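J.: Just a sequence and a predicted model for now, questions to come.
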Amino acid sequence: MKKLIKIGMFLYFIACLVLLGHISAFADEVKPIHEYNFDSDSGTTVIDSGSNKKNGIATGTENSKLITGYNGVGFARHFEKEKKQIIKVSSISIPNSARSVRFKVRRDGIPVSAESECILSTTNTNGNLDSFIRINGDAISKAEDAGKLQIMVLENSVFDCISPTSICDGKWHDILFTYDSKIVKLYIDDMETPVFTKSGEYSHKGSYSENKITIGNFAQDSISHGYFQGDLDNIQIYSSAITPISTKPSKLTAVGGESKVDLTWNAVNGASSYTIKRSTTAGGPYSAVATDITGTSYTDIGITDEAIYYYVATAVINGKESDESNEANASAIISNLEVPSELKALGGNSKVDLTWNEVSNATSYIVKRSTTPGGPYTTIATDLTGTTYTDTGITNGITYYYIVASVVQGRESEGSDEVSAVPIPEQTPSTTEAKLKVVLEVSEALRLSVDNDLNINTQMAWSSSDNTVATVNEKGVVTAIAPGNTVITVKSVDNSYTDYINVLVVENADDYRLAIDLKVGETARLTTDDFTNTANVTWAPMDSSIANVTTKGKVTALSKGLVLITAKDAEGNIIGRIYVRVRE
């Protein structure tokens, strides 16, 4: 009969845990015997709001410093190692078997480098250290355990539990340690799944009515080191092993979509609604963007594409808001990705050179090719971070068709406008075979053109066969670099036009080039016949800053340099060219 009564009482207790749980992480029937939340402290007096009240005394330099509490609620205590700040509680009753301790802790990201830092410890009636909760230091522990949370009960060396990872990350952590005289469990933040579990028998010897608790260091008087550096809040001590009840949403996930972020989370028993909070900074502060959500999903659409947003969720139970869930982040993706523009293709010897305009926010580009207009296309290059690409190893004489796509936030845009090109064999004449050449002195520059309209130059592709001798820019300006021969080539984008000019670079061009020689300010007269038909001739200097020429062929030297003057007839045909060298 007694066994049936005990079974019935046990089932009743479990039902209470399930049905009567509220915002506290435990059922209403389970109350802490000692609770230090620091919200009602007065000076150095630390108030115990538990069922068996034993106030504590804060000691050390500047020992009454309070800061904003966990989750921005109430107050928390800040402890500084160098100021030896601790809280002492004397003549306190500690359970001699099962017990639970829950607290909130925040320790900065600086690794614990020397001695361990004790968060909470107890002594037995003999004044000897009974148990402690500490952050390991590498001077005492293994190097890989530095920064990890360790909880040890020393009596009979019953158990020693340690967190799998360091808690020194500058964030608040919710810690729960429970022991029912047979099984030890350690929870960190997630009250559904312990991070450490261990079995063992444990029973104290002697009386435990005159224990001492020290918060912020080891309680044993003979131990002078181990001061804690960080923040503590909501320290709760229970006289039994506690089964935690999760009252905050867990496993919050965020997935970015087109101009939106989709959020999902696990349901909380007894929750009447949920609240979603958002921040643009990891760790908050957060602002509520949606309340009274009755399901376990929400879509946030009031956001900016590509910006990263950080979310937490809370549950509302019996009109009270729970702690915040884990943080999840995502960014909305752009709905219409920008497509690369101004794609150009220029055929060469077994190759095609491609160029296109940059796309803002693109992380890379993809080039696709086909031998049929309009595709289908085959991808020939990915992960291109620049805006140029050379397709090599292709067959001369075959027309190839190309498109380019941009990649933004891992998404591929649509293809650009299609362009085509035909690779052709090199037709550049040998510099040693060329008889007629343009002669430049080192550092001289000369503009070339393919049309009376110099803007046409920029629509062509210019190249030098030897850039160490002379270079040519996109406007057709040749600059002499060093003595030698080079061939300047110009091609139209569609390969319908190609031409060449040979350039000889020398140290002194006086003996190599026939030119009108003028000093600055001097003039000369040009004609194409017997000087009777000059009105029908159009004269044009390649660089009017060196010399200009009137409609009647009068040349005026303006500044030092070499300029080529061209004469064209009424139909635009070139009927003559002549160099003018201007000296100072």
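T.: Thanks, I have it.
J.: Mark out where each domain of the protein begins and ends.
T.: Per automatic domain parsing, the structural domains of the chain span 31-238, 253-331, 344-421, 438-506, 515-583.
J.: Just send those domains back as a markdown table, with mean neighbour count and distance to P244 too.
T.: Any C-beta I mention is one placed from the backbone N, CA and C, and that applies to glycine too. Formatted as a markdown table, the domains of the chain follow (neighbours: other C-beta atoms under 10 Å; distance: least, C-beta to C-beta, whole Å):
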| stretch | mean neighbour count | distance to P244 |
| --- | --- | --- |
| domain 31-238 | 18 | 4 |
| domain 253-331 | 17 | 12 |
| domain 344-421 | 16 | 39 |
| domain 438-506 | 17 | 70 |
| domain 515-583 | 16 | 84 |
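J.: Kindly reformat those domains as JSON lines containing mean pLDDT and distance to L337.
T.: Below are those laid out as JSON lines (pLDDT from 0 to 100; distance: least, C-beta to C-beta, whole Å):
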{"stretch": "domain 31-238", "mean pLDDT": "81", "distance to L337": "36"}
{"stretch": "domain 253-331", "mean pLDDT": "90", "distance to L337": "10"}
{"stretch": "domain 344-421", "mean pLDDT": "91", "distance to L337": "4"}
{"stretch": "domain 438-506", "mean pLDDT": "84", "distance to L337": "26"}
{"stretch": "domain 515-583", "mean pLDDT": "81", "distance to L337": "44"}
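J.: Distance to E338 added to these, as CSV?
T.: Formatted as CSV, the domains of the chain follow (distance: least, C-beta to C-beta, whole Å):
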stretch, distance to E338
domain 31-238, 38
domain 253-331, 12
domain 344-421, 5
domain 438-506, 23
domain 515-583, 39
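J.: Out of these, the one nearest T247 is which?
T.: Relative to T247, the nearest member of the domains of the chain by C-beta to C-beta is domain 253-331, separated by 4.7 Å.
J.: For that closest one, what is the distance to the chain centroid?
T.: 22 Å (C-alpha atoms, centre = their mean, to the nearest Å).
J.: Quick check: end-to-end length of it?
T.: 12 Å (C-alpha to C-alpha, to the nearest Å).
J.: same check, this time on stretch 87-100
T.: Stretch 87-100: ends 19 Å apart by C-alpha to C-alpha.
J.: and what of stretch 367-383?
T.: 9 Å.
J.: So which residues make contact with it?
T.: 354, 364, 366, 384, 389, 391, 398-405, 415, 418, 420 (C-beta atoms under 8 Å, 6 or more residues apart in numbering).
J.: Run the chain-centre distance for that stretch.
T.: For stretch 367-383, the distance to the chain centre is 31 Å (C-alpha atoms, centre = their mean).
J.: How about stretch 546-554?
T.: 61 Å.
J.: what residues does it touch?
T.: Counting by C-beta under 8 Å, 6+ apart, 518, 523-527, 534-535, 537-541, 555-563, 565, 567, 580, 582 sit against stretch 546-554.
J.: try 7 Å
T.: By C-beta atoms under 7 Å, 6 or more residues apart in numbering, the residues outside stretch 546-554 that reach it are 523, 525-527, 534, 537, 539, 541, 555-559, 561, 563, 565, 580, 582.
J.: end to end, how far does that stretch reach?
T.: Termini of stretch 546-554 sit 14 Å apart (C-alpha to C-alpha).
J.: likewise stretch 417-425?
T.: Termini of stretch 417-425 sit 27 Å apart (C-alpha to C-alpha).
J.: go on, stretch 349-366?
T.: 23 Å.
J.: tell me what the host helix or strand of S91 is packed against?
T.: For S91, the element it lies in under DSSP states H and E is strand 86-92. If you count contacts as 3 or more C-beta pairs under 7 Å, 6 or more residues apart in numbering; DSSP states H and E, strand 86-92 packs onto strand 56-59, strand 211-215.
J.: Would you reformat those as JSON lines and include distance to K260?
T.: Converted to JSON lines, the helices and strands packed on strand 86-92 look like this (distance: least, C-beta to C-beta, whole Å):
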{"stretch": "strand 56-59", "distance to K260": "49"}
{"stretch": "strand 211-215", "distance to K260": "46"}
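J.: So for I151, which of those sits nearest?
T.: strand 211-215 (14.5 Å).
J.: residue boundaries of the strands in the stretch 251-400 of the chain?
T.: Shown for the stretch 251-400 of the chain, the strands assigned by DSSP state E, counting those that start in this stretch span residues 253-257, 260-264, 273-279, 287-293, 297-300, 308-317, 320-321, 328-331, 344-348, 351-355, 364-370, 378-384, 388-392, 400-408.
J.: how far off strand 308-317 does the first one point, in degrees?
T.: It stands for strand 253-257. 130 degrees (axes from the mean of the first three to the mean of the last three C-alpha atoms, to 10 degrees).
J.: Just checking: what are the partner strands of strand 253-257?
T.: strand 260-264 (antiparallel) (DSSP bridges).
J.: between the strand it pairs with and strand 287-293, what angle do the directions make?
T.: Using the same axes, to 10 degrees: strand 260-264 against strand 287-293 is 50 degrees.
J.: May I have strand 260-264 exported as PDB, CA atoms only?
T.: Provided in PDB are the C-alpha atoms of strand 260-264 (Å, rounded to 0.1, in the frame of the first residue of the first chain):
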ATOM      1  CA  LYS A 260      12.400  38.600 -47.100                       C
ATOM      2  CA  VAL A 261      13.600  36.400 -44.300                       C
ATOM      3  CA  ASP A 262      11.600  33.200 -43.200                       C
ATOM      4  CA  LEU A 263      11.800  32.300 -39.500                       C
ATOM      5  CA  THR A 264      10.800  29.100 -37.800                       C
END
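J.: Next one: P194 from I183, what distance?
T.: To I183, P194 is 10 Å away according to C-beta to C-beta, to the nearest Å.
J.: same question but for K554, I mixed them up
T.: 108 Å.
J.: D174 now?
T.: Where I183 is concerned, D174 sits at a distance of 20 Å (C-beta to C-beta).
J.: likewise S199?
T.: 5 Å.
J.: Give me the sheet partners of the next helix-or-strand element following the strand holding S91 and which way each runs.
T.: Once the chain leaves strand 86-92, the next helix or strand it forms, by DSSP H and E, is strand 99-106. In the sheet, strand 99-106 lines up against strand 172-179 (antiparallel), strand 230-238 (antiparallel) (DSSP bridges).
J.: Give me the contact list for strand 99-106.
T.: 70, 119-120, 133, 167, 170-179, 230-242.
J.: related to what we said a few turns ago, right, and the strands paired with strand 99-106 - which one's nearest K54?
T.: Nearest of the strands paired with strand 99-106 (C-beta to C-beta): strand 230-238, 9.9 Å.
J.: Could you export that closest one as PDB, keeping only the C-alpha atoms?
T.: What follows is strand 230-238, C-alpha atoms only, in PDB (Å, rounded to 0.1, in the frame of the first residue of the first chain):
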ATOM      1  CA  GLY A 230      33.100  39.000 -15.100                       C
ATOM      2  CA  ASP A 231      29.300  39.400 -14.500                       C
ATOM      3  CA  LEU A 232      26.900  37.200 -12.500                       C
ATOM      4  CA  ASP A 233      23.100  37.400 -12.200                       C
ATOM      5  CA  ASN A 234      20.100  35.300 -10.800                       C
ATOM      6  CA  ILE A 235      22.100  32.800  -8.700                       C
ATOM      7  CA  GLN A 236      19.600  30.200  -7.400                       C
ATOM      8  CA  ILE A 237      20.300  27.200  -5.100                       C
ATOM      9  CA  TYR A 238      17.800  24.300  -4.800                       C
END
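J.: Now do that strand against strand 86-92: the angle between them, please.
T.: Using the same axes, to 10 degrees: strand 230-238 against strand 86-92 is 10 degrees.
J.: contact partners of strand 230-238?
T.: By C-beta under 7 Å, 6+ apart, strand 230-238 touches 30, 32-38, 67, 69-70, 76-79, 99-108, 119-120, 215.
J.: tell me the secondary structure for C168?
T.: coil (DSSP: H, G, I helix; E, B strand; the rest coil).
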